[in-house]
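Asker: Take this sequence and fold it.
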Amino acid sequence: MTAPLTLPDCDLQDFPFMPLHVARLRDSDLAATVDPEAAWFAVMLWAASWHQIPAGSLPDDEMVLTRLCGLGRDVRTFRKRRAGAMHGFIQCDDGRWYHPVVAEQANAAWRAKQEQRHRTECARIKKHNQRHGANVSYPSLDDFIAGGCEPVPLTAPSKSPDCPEGQGCNVPRENTSKRQGEGQGQGEYIDDVDDDGARARVALVIDNDPIDHADLADRAARAAGVRHIEPKRIAANIDLIRDWLAGGATPDEIIETIKAVTASSSEPSHSLQRFSAHIRQTVARRENNHGTGTFDPAGRPSVAQAIRTARDRVGAVGQPVQPA
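Answerer: Here you go, the predicted model:
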C-alpha cells in the first residue's frame, strides 16, 4: 500500500471552502466515463473528505461512506454506484481512502494554515519584546512546524533594582499632569476623572492585560471559519480583539458568541468585524443583568464601565496599575 497522502494532524475543519479547478474537473476521466449519479456522489465524497482528519481522506466503512454520499442508510444504492463514487480514491497504509487531487489541495491549505500560525506567533513575540524590552528570538517556520505549532513560552524580564516596590517599571506613564481627585495611595484606581484621563488610564490597564491577543484572534478566526493569512488582516483581527476586550467582553464570551452566531447562520463569515455588534450585545446583556450596563450610541462602552472592566480583569491577576 501507499503511505497516507496527508499528515495525520492535517485538520481543515475551519476551512469552509475547498478549491475546485474547473478545467481539471471538466476534462477529467470522472466527467468523461462515470455516470452522472455516481459522479455526483464522487463530488460529495470529495467535499466530505476535506473536513475529515486527516483532510483528503475517508474511512473504510460502507455505512459511513453511504451517509457521506447523501444516501442515508441506502447501502444498496451505494454499492451499486461505488466504483464511480470512489473514482480516483486509493487506500493507503492507515486503512483510509485518499484522493490524490483533494490531498494535493489539502496539503497546500494545511501549509498555509501553519504559515498563518507562524506569523501570528511572531507578531505575539514582537509585541512581547516591544512591551517588555525583551529579546525573545523568533522561531523559524520549519522549527515552529516541527514543534507542533506550539507557542513559544514568554516571560517578562525581572524588574530593575531601581524599580520602586509595587511599581510596574514596564508600564508606560501618562505625560499629562496630575489631576485634582486622582488617587494618592499605592495601587488605587480612579473612577472620577475626566474623559481623556480615564481613557488613557484604561489604555494603560488594557496594555498590561495578561491576555494573549494574537492567540485569541487566531482562536476567534478559527471559530468563525475565517481564513486570514495576510499580515494586515491578522493585525486587524488583533485590533478587533483589543476593542472587544476594552468594551468589557471576556475571551470566553468572544469565542462563544462567535460560535453561536456562526452555528445559527447559513452565510459564511468573511471578516471578524461581522461579530462586533453581537459581542456588544452579549456584554450589554451580562452587564444589564447586574444593573451596570451603559453603552453610548456609537456602541462603545462608557468610560466608567471600561475602567471597571479593566480594573477587574487586571486586579484578578494581582497586577494593579499605579496612578501617574
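
Asker: my read: residue 103 touches residue 6, true?
Answerer: Yes - counting by Cβ atoms under 8 Å, residue 6 is a contact partner of residue 103 at 5.1 Å. Heads up, the C-betas are built off the backbone N, CA and C, glycines and all.

Asker: what are the phi and psi values for residue 91?
Answerer: Main-chain torsions, residue 91, degrees, to the nearest 10: phi -90, psi 130.

Asker: quick one on the thing from earlier: compare residue 103 and residue 6 (neighbour count), which wins?
Answerer: Comparing residue 103 with residue 6 by other Cβ atoms under 10 Å, the one with more neighbours is residue 6, at 26 against 21.

Asker: Chain neighbours aside, what residue packs nearest to that one?
Answerer: In this structure, residue 6 finds its nearest non-sequential neighbour in residue 54, 4.3 Å apart by Cβ to Cβ, 6 or more residues apart in numbering.

Asker: which ones are touching that neighbour?
Answerer: Contacts for residue 54 were tallied using Cβ atoms under 8 Å, 6 or more residues apart in numbering; they are 4, 6, 7, 8, 9, 10, 11, 96, 106.

Asker: likewise residue 25?
Answerer: Residue 25 makes contacts with residue 31, as judged by Cβ under 8 Å, 6+ apart.

Asker: Next one, pLDDT for it please.
Answerer: Reading off the confidence values, residue 25 has pLDDT 92.

Asker: just the one 10 residues further on next, same as before
Answerer: Model confidence at residue 35, given as pLDDT, is 94.

Asker: Same check on residue 189?
Answerer: Per-residue pLDDT puts residue 189 at 35.

Asker: same deal with residue 100?
Answerer: Looking at residue 100, its pLDDT stands at 96.

Asker: Count the residues that sit near it.
Answerer: If we define neighbours as other Cβ under 10 Å, then residue 100 has 12 of them.

Asker: Am I right that it is in contact with residue 6?
Answerer: No - counting by Cβ under 8 Å, residue 100 stays clear of residue 6, with 10.4 Å between them.

Asker: By residue count, what's the longest helix in the chain?
Answerer: helix 100-132 (DSSP state H).

Asker: So which elements touch the helix or strand following that helix?
Answerer: As assigned by DSSP states H and E, the chain's next helix or strand after helix 100-132 is helix 141-146. Counting contacts by 3 or more Cβ pairs under 8 Å, 6 or more residues apart in numbering; DSSP states H and E, helix 141-146 is packed against helix 100-132.

Asker: chain center to the helix it packs on, what's the gap?
Answerer: Distance of helix 100-132 from the chain centroid (Cα atoms, centre = their mean, to the nearest Å) equals 12 Å.

Asker: what's around residue 226, how many residues?
Answerer: Neighbour count of residue 226, defined by other Cβ under 10 Å: 22.

Asker: That one reaches residue 269, doesn't it?
Answerer: Yes - shown here, residue 226 and residue 269 form a contact pair, counting by Cβ under 8 Å, at 5.3 Å.

Asker: returning to what we had before: between the contacts of residue 54, which is closest to residue 120?
Answerer: Nearest to residue 120 among these, counting by Cβ to Cβ, is residue 11 at 16.5 Å.
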